[in-house]
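Q: turn this into a structure:
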Amino acid sequence: MTPTAPFHPFVPRAIRSFRDAFPGIYLKLEESISNELIEHLHREQIDAAFIRVSVAESEGLAVYPLLEEPLMVAMPTERSRALRERKDDTGISLKSLAGETFIAYGRTYGPAPYGTSIHDATIAACRAAGFNPHFGQEVDRPASALNLVAAGLGMCLVPASVQRMNLDGVEYRPLKGAVRPKASLSIAARRGDPSSVVRQFVKFVRASAKGFHS
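A: Numbers count the residues shown, from 1 in each chain. A predicted model of the protein is given here:
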């Protein structure tokens, strides 16, 4: 699974429910960024993956969208207080962040063959708001990005469920205004996988997503 997936309550709940329904099946969980997970699927190193990229079906893979959630701004607490328009106003417009420094995470270099990552979504959203984002430091994992936010080195857009990660010095603000990007969560597996266990897992996860209420 991608590093932000476990923070969405659906993912651990779906895994627990599958284990309860099929107690004889052993699940080994691994964490990596979405593009690496897709590569691992192609190489048959893993069987299925919860990914965050918005991707059309790649050659040999079946990708099933599960859920969407809004992106939020994770920013240093002091900076968040300075930008707050009213005491009761938690929302912030992306346009108001035009002069801020963003922390880049999960970036892919060169052509992005697997679709839109959260890094790509950040760039697209900022441009839609009328500016090109200024990026500071770059890291691979969202947890590392949030540590940099806590240190006051910038801010970043994260899926709303990541706000369950409470860090001293970090405040999460919902976006308001016309530009409100979203993060997708999908399940991917090899098309026509001969394993009935893998097929059943994907079917189970998709069915669980249809009835899920956060």
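Q: secondary structure class for residue 136?
A: Put simply, residue 136 is strand when judged by DSSP: H, G, I helix; E, B strand; the rest coil.
Q: residues in contact with it?
A: Listed by C-beta atoms under 8 Å, 6 or more residues apart in numbering, the contact partners of residue 136 are 101-104, 148, 153-154. (C-beta placed from N, C-alpha, C; glycine too.)
Q: and the pLDDT for it?
A: On pLDDT, residue 136 comes in at 93.
Q: kindly report the same for the one 5 residues further on.
A: The predicted structure scores residue 141 at 85 on the pLDDT scale.
Q: dump the contacts of residue 136 into a markdown table; add pLDDT as well.
A: Converted to a markdown table, the contacts of residue 136 look like this (pLDDT from 0 to 100):
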| residue | pLDDT |
| --- | --- |
| 101 | 96 |
| 102 | 96 |
| 103 | 95 |
| 104 | 90 |
| 148 | 96 |
| 153 | 96 |
| 154 | 96 |
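Q: let me know the next secondary structure element after the strand ranked longest in the chain.
A: Identified as the longest strand of the chain according to DSSP state E is strand 61-76. Downstream of strand 61-76, the next assigned helix or strand under DSSP states H and E is helix 77-83.
Q: residues in contact with that following helix?
A: Outside helix 77-83, the residues that touch it by C-beta under 8 Å, 6+ apart are 75, 92, 96, 100, 152, 155, 169-171, 173.
Q: change it to 10 Å
A: Contact with helix 77-83 is made by 73-76, 87, 90, 92-93, 96-97, 100-101, 149-150, 152, 154-155, 167-173, as judged by C-beta atoms under 10 Å, 6 or more residues apart in numbering.
Q: so which elements touch the helix or strand following that helix?
A: Once the chain leaves helix 77-83, the next helix or strand it forms, by DSSP H and E, is strand 92-93. The contact analysis (3 or more C-beta pairs under 10 Å, 6 or more residues apart in numbering; DSSP states H and E) places strand 92-93 against strand 61-76, helix 77-83, strand 170-176.
Q: possible to save these as TSV with mean neighbour count?
A: Below are the helices and strands packed on strand 92-93 laid out as TSV (neighbours: other C-beta atoms under 10 Å):
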stretch	mean neighbour count
strand 61-76	19
helix 77-83	14
strand 170-176	19
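Q: of the ones you listed, which is nearest residue 119?
A: strand 61-76 (11.4 Å; C-beta to C-beta).
Q: adjacent strands (with direction) for the closest one?
A: Paired neighbours of strand 61-76 in the sheet (DSSP bridges): strand 156-159 (antiparallel), strand 170-176 (antiparallel), strand 182-190 (antiparallel).
Q: and the average pLDDT for the shortest one is what?
A: The reference is to strand 156-159. 95.
Q: domain parsing for this structure?
A: The record's domain parsing of the chain by automatic domain parsing lists 5-67+183-210, 70-182.
Q: any idea which of the ones you listed has the lowest pLDDT on average?
A: In terms of average pLDDT, domain 70-182 trails the rest of the domains of the chain, at a mean of 87.
Q: now do the contacts for residue 22.
A: Here residue 22 is in contact with 197, 200-201, 204 (C-beta under 10 Å, 6+ apart).
Q: now, which of those sits nearest residue 38?
A: Checking these against residue 38 with C-beta to C-beta, the nearest one is residue 201 at 17.2 Å.
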